[in-house]
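**Student:** next comes the sequence, and after it the predicted model I'd like to discuss.
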Amino acid sequence: MESHSTAMSQITCKFGGSSLADSDCFRAVQKIIQSSDERKYIVPSAPGKRRPDDKKITDLLYAWHGLLRQDLDASQPRGMIAARFEQLATELKIAFPVHDLLEEIAKEAVKYDTPDYMASRGEYLNGQLLAKLLGAVFVDPAECIKFDDEGLLDPVTYDLLGAKLKGDTRFVIPGFYGSMPDGRIRTFSRGGSDVTGAIVARASTSRLYENWTDVSGFLMADPRIVPGAKRIDEITYQELRELAYMGAQVLHDEAIFPVRDSGIPINIRNTKDPDNPGTMILPARESKDIICGVAGRSGFTMINIEKALMNKERGFGRRVLTVLEEHGVSFEHMPTGIDTISLIVRDEEIANHGPAVLKAIERTCQPDRVSLSPGLAIIATVGQGMAGHTGVAAKLTGALANASVNIRVIDQGSSENNIIVGVEDKDLDSAVRAIYSAFTE
Ligand code: ASP
């Protein structure tokens, strides 16, 4: 590597499992990395699926751990893992003692009740392979990504990791795991290499966090509903949170926090289409577009409560929410009227508690009427450009009216960057299409 790279001109690159599924993928990744000296901190996932019916290495490791714990024959997952890494090493022409490494892993894994150690080995082995291919320094996160006793990231991580990442060379830091105060390996939740990438970007003070995956960024709407939906060029962390909440998932939920705090942008890129600029996730954006995306999902129930003069009754809302809390039901939205409160909850939250919750509301709030209406879909239309812009709600509701979609409930947060509408399940797709067209045409 040339030696002119300076702090803040470097890039952290995370490569997902589908970008490292076979040796051709590894070669493509190598090319991407080596095309820029700035790409200095590399975070790999474990090898993912090569075909839809293939197995992910991480899933095979979980299966291996489960069989080991029950003293059952684990030769099948272990054999499949060995074959995958052997093939990779042979095709990449890298000397890699797969069988010895797996033997060591099998011995160590029996010491663990939890699958974390075993599950982390996909990233560990893949990281070693990639470091060899790139001639990069391998950094084991067990030594520098630290969790506290509650399993939360210990901020000491940033100093420990930062110290390891000094020097004018490339580093490979496997994703998905770190260690507990007693030294035992612990993983993030599934998909957690995204989080590692964000931590590495922050610890290394990278100017950019590239997250390489198999799609060219986020789309403005689900392409199964809106074929040919446009790519989102720029989105803020906040807008992304709102779209991701509705199920538009590309990035792990927790991956934005480490970089958001230090203002490092995330760029979602496609390994199969490296020239595509993808989506940039930024602290703030010029809001030339009114909306950045529309996402919806079904599976909600509305609790409707009516009581004359509710607005004058102190503590009414508190009593309603206490009932939910006591039944362990969390709510998503709470649109209110003068004499009505509606609570929108996920079906699975209310599933077994419906009648009990209604009874308790009747008892503690004495409403005129309380009922449940299932079959609700929620659509979030998200965009910072909405704030202070007149006519956005009119456009949205007009589009729904033209598509003959009845709005059962509508809610706009005070930050004015999100309008939530609730429609019948059956209207979900046509509503999303109508809103998308209204704001993009
Ligand atoms: N390999 C882990 C998983 O499958 C972590 C990751 O890929 O980010 O969940």
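**Tutor:** Looks like it came in fine.

**Student:** contacts, neighbours, all on C-alpha from now
**Tutor:** Will do.

**Student:** quick one: list the elements packing against the helix or strand of the chain with the lowest mean pLDDT.
**Tutor:** Ranking every helix and strand in the chain by mean pLDDT, DSSP states H and E puts helix 237-245 at the bottom, with a mean of 84. Helix 237-245 is packed against strand 279-282, strand 293-306, strand 369-382, with contacts defined by 3 or more C-alpha pairs under 8 Å, 6 or more residues apart in numbering; DSSP states H and E.

**Student:** CA atoms of the first one as CSV?
**Tutor:** What that stands for is strand 279-282. Below are the C-alpha coordinates for strand 279-282, written out as CSV (Å, rounded to 0.1, in the frame of the first residue of the first chain):
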residue,chain,number,x,y,z
THR,A,279,-27.6,4.9,-1.0
MET,A,280,-25.8,7.4,1.3
ILE,A,281,-27.1,7.5,4.9
LEU,A,282,-26.2,11.0,6.3
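
**Student:** where does the stretch 251-400 of the chain get nearest to the ligand, residue-wise?
**Tutor:** Going by C-alpha to the nearest ligand atom, the ligand is nearest to residue 252 of the stretch 251-400 of the chain, at 8.1 Å.

**Student:** tell me the spacing between that residue and residue 326.
**Tutor:** According to C-alpha to C-alpha, to the nearest Å, residue 252 and residue 326 sit 31 Å apart.

**Student:** what's near enough to touch residue 416?
**Tutor:** 384, 386-388 (C-alpha atoms under 8 Å, 6 or more residues apart in numbering).

**Student:** just to revisit the earlier point, which one's more surrounded, residue 252 and residue 326?
**Tutor:** Taking other C-alpha atoms under 10 Å, residue 252 and residue 326 do not tie; residue 252 has more neighbours (15 against 10).

**Student:** touching, the more buried one and residue 191? I think so.
**Tutor:** Yes - Residue 252 lies in contact with residue 191 (C-alpha atoms under 8 Å); the separation is 6.1 Å.

**Student:** can you check the pLDDT for the most centrally placed residue in the chain?
**Tutor:** Nearest to the mean C-alpha position of the chain, counting by C-alpha atoms, centre = their mean, stands residue 252 at 2.2 Å. pLDDT recorded at residue 252 is 88.

**Student:** give me phi/psi at it?
**Tutor:** Dihedral pair for residue 252: phi -60, psi 140, per degrees, to the nearest 10.

**Student:** which residues sit in contact with it?
**Tutor:** 191-192, 194-195.

**Student:** check those against the ligand, which are close?
**Tutor:** By C-alpha under 6 Å from any ligand atom, the members of the contacts of residue 252 lying near the ligand are 191-192, 194.

**Student:** what's the closest of those residues to residue 441?
**Tutor:** residue 194 (33.9 Å; C-alpha to C-alpha).

**Student:** let's verify that closest one: helix, strand, or coil?
**Tutor:** helix (DSSP: H, G, I helix; E, B strand; the rest coil).

**Student:** can you count the residues close to it?
**Tutor:** 30.

**Student:** also residue 72?
**Tutor:** 10.

**Student:** per-residue confidence at residue 324?
**Tutor:** pLDDT, residue 324: 95.

**Student:** tell me the SS of it?
**Tutor:** Applying three-state DSSP to residue 324 yields a three-state assignment of helix.

**Student:** let me see the contact set for it.
**Tutor:** 330, 357 are the contacts of residue 324 under C-alpha under 8 Å, 6+ apart.
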